[in-house]
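> Let's see this in three dimensions:
(chains A, B, C and D)
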2 protein chains.
Amino acid sequence: MFRQGDAARAVFNVLDGEVRLARFGEHGEELVLQRARPGDFFAEASLDSGRYHCNAIASEEATLLEIPAAALRELLDTDARFARQWVALLARQLRNARARLERLSLGGAAQRVRHYLVTEGRGPEFEVALTGSLKDLAKELGLAHETLYRTLARMKESGELERKGAALKLKTRRQRV
Amino acid sequence: MFRQGDAARAVFNVLDGEVRLARFGEHGEELVLQRARPGDFFAEASLDSGRYHCNAIASEEATLLEIPAAALRELLDTDARFARQWVALLARQLRNARARLERLSLGGAAQRVRHYLVTEGRGPEFEVALTGSLKDLAKELGLAHETLYRTLARMKESGELERKGAALKLKTRRQRV
DNA sequence: CGTCGCATTGATATCGCTCAAATCCGGTGG
DNA sequence: CCACCGGATTTGAGCGATATCAATGCGACG
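Numbering: from 1, shown residues only, chains lettered A, B, ... in the order given. Below you'll find the model as predicted:
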């Protein structure tokens, strides 16, 4: 859709499909900043800065709603209800980014997995339905995929984790150490 | 000022001093999410969610402006200019959080230091004036402080980095590998 | 002068990354 | 229906970077 450094012309809303927001390291490795799924906005943070700060990649066929920057500014200025929702949206994304920040600062693969389940999971057992592959999850957690496989296997063996197809559950409460 | 889990009553603005926004791990280690300095707002993201998501700690004497949640909502609804600035503030913080996210996802201490200098530094040599101690910087970079010392020493020895008191500069351009 | 915290350096252990190989699985084409 | 292919998954082995533990110097501050 656009590349890092382009002038920010518009904000987008995903109607259908999925778009990855990513940056690329020196060696071509991809860092996913955000995965925008139907209903999500993206490039919201670039609006005020004039340039896009990452690359938008449609991994599959996707339908997008493109909102020109000028139109958005107009909306923000005139529609108070919209402005309030926009603020709520930014705040939500900010909290999400900070949760990931906290996760990445954890030492130890198992801790990251636990943190992921506790923050993203639902219900008393912190159940998470995997959307993509485990390799994708490994990227999200900042781990090599082999490490994630091994960590999941070890946690499953110790009874701390349960896997049913694409669902992950935390079985035991986090222990006092 | 407040603790994680408290009901979010207000947003704050630092007039003087410094406030750390942090969470604590199981073993008491501190994770700094944000350092609010004079002019900065904090707890902006908690407003919509009802509860604070981290602890606010005044590391030194600080003067704060407390803005009750109701007042802020009122402002957002009535003052379009304020709402626009508030959106810009959130967007800035979001970009900042994502930059840190990108940094933490880098492997290798030297890469993180470079990323820090390139994103936070000013001018052609990416000069950064250290505000706190190197231990604080180490936390920000997600490194043990010993590792940061060693990394800085190695980079200085190789001529890539220069240190003058509290200022850090990148001397050579990042090389193609 | 004693203490405290930061800065620095050394030694060691550990954990996760890298390289490698085997298996599985879904899809594709014959 | 079967052979084949690519990507994900899984397991193994070894290495290297970082965390951890430890000791010392140094400056500020009481």
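> how about the lengthiest helix in chain A, does it get close to DNA strand D?
Assignment by DSSP state H gives helix A:80-104 as the longest helix of chain A. No. Helix A:80-104 does not reach DNA strand D (CB under 7 Å from any atom of the strand); its nearest approach is 11.5 Å. Just so you know, the C-beta spots here come from the backbone N, C-alpha and C atoms, and that holds for glycine as well.
> Could you name the helices and strands sitting against that helix?
Packing partners of helix A:80-104 (3 or more CB pairs under 8 Å, 6 or more residues apart in numbering or on different chains; DSSP states H and E): helix A:69-78, helix A:109-120, helix A:134-141, strand B:30-36, helix B:69-78, helix B:80-104.
> The most centrally placed residue in chain A bridge partners, please.
For chain A, the residue nearest the mean C-alpha position is A:Gln34 (4.0 Å; CA atoms, centre = their mean). A:Gln34 has the following beta-bridge partners by DSSP bridges: A:Leu21.
> for it, what are its contacts?
Contact analysis of A:Gln34 by CB atoms under 8 Å, 6 or more residues apart in numbering or on different chains lists A:20-21, A:42, A:93.
> Show me the domain layout of chain A.
Split into domains by automatic domain parsing, chain A comes to A:10-97, A:106-170.
> Could you save those domains as JSON lines and add columns showing mean pLDDT and distance to B:Tyr149?
Below are the domains of chain A laid out as JSON lines (pLDDT from 0 to 100; distance: least, CB to CB, whole Å):
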{"stretch": "domain A:10-97", "mean pLDDT": "81", "distance to B:Tyr149": "25"}
{"stretch": "domain A:106-170", "mean pLDDT": "91", "distance to B:Tyr149": "18"}
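> Show me the one of the ones you listed that comes nearest B:Ala138.
Smallest distance to B:Ala138 across the domains of chain A (CB to CB): 13.2 Å, for domain A:106-170.
> Centre of the chain to that closest one, how far?
Centroid displacement of domain A:106-170 relative to its chain, using CA atoms, centre = their mean, to the nearest Å, is 15 Å.
> which parts of stretch A:35-45 are buried?
A:35-36, A:40-45 (16 or more other CB atoms under 10 Å in any protein chain shown).
> of those, closest to A:Ala167?
The closest of the buried residues of stretch A:35-45, once distances to A:Ala167 are taken by CB to CB, is A:Arg35, at 18.6 Å.
> Please tell me how far that closest one sits from B:Arg73.
30 Å (CB to CB, to the nearest Å).
> pretty sure A:Gly5 contacts A:Tyr52?
Yes. Between A:Gly5 and A:Tyr52 there is a contact under CB atoms under 8 Å: 6.8 Å.
> what about the two, which has more around it?
A direct count of neighbours by other CB atoms under 10 Å in any protein chain shown for A:Gly5 and A:Tyr52 places A:Tyr52 higher, at 22 against 10.
> In contact with that one, which residues?
A:Tyr52 touches A:2-8, A:43, A:46, counting by CB under 8 Å, 6+ apart.
> now do A:Leu65
The contact partners of A:Leu65, by CB under 8 Å, 6+ apart, come to A:12-15.
> change it to 6 Å
A:13, A:15 (CB atoms under 6 Å, 6 or more residues apart in numbering or on different chains).
> Then the one 4 residues further on?
In this structure, A:Ala69 makes contact with A:9-10, A:47, judged by CB under 6 Å, 6+ apart.
> which one among these gets closest to DNA strand D?
Of all the contacts of A:Ala69, DNA strand D sits closest to A:Ala10, with 29.9 Å by CB to the nearest atom of the strand.
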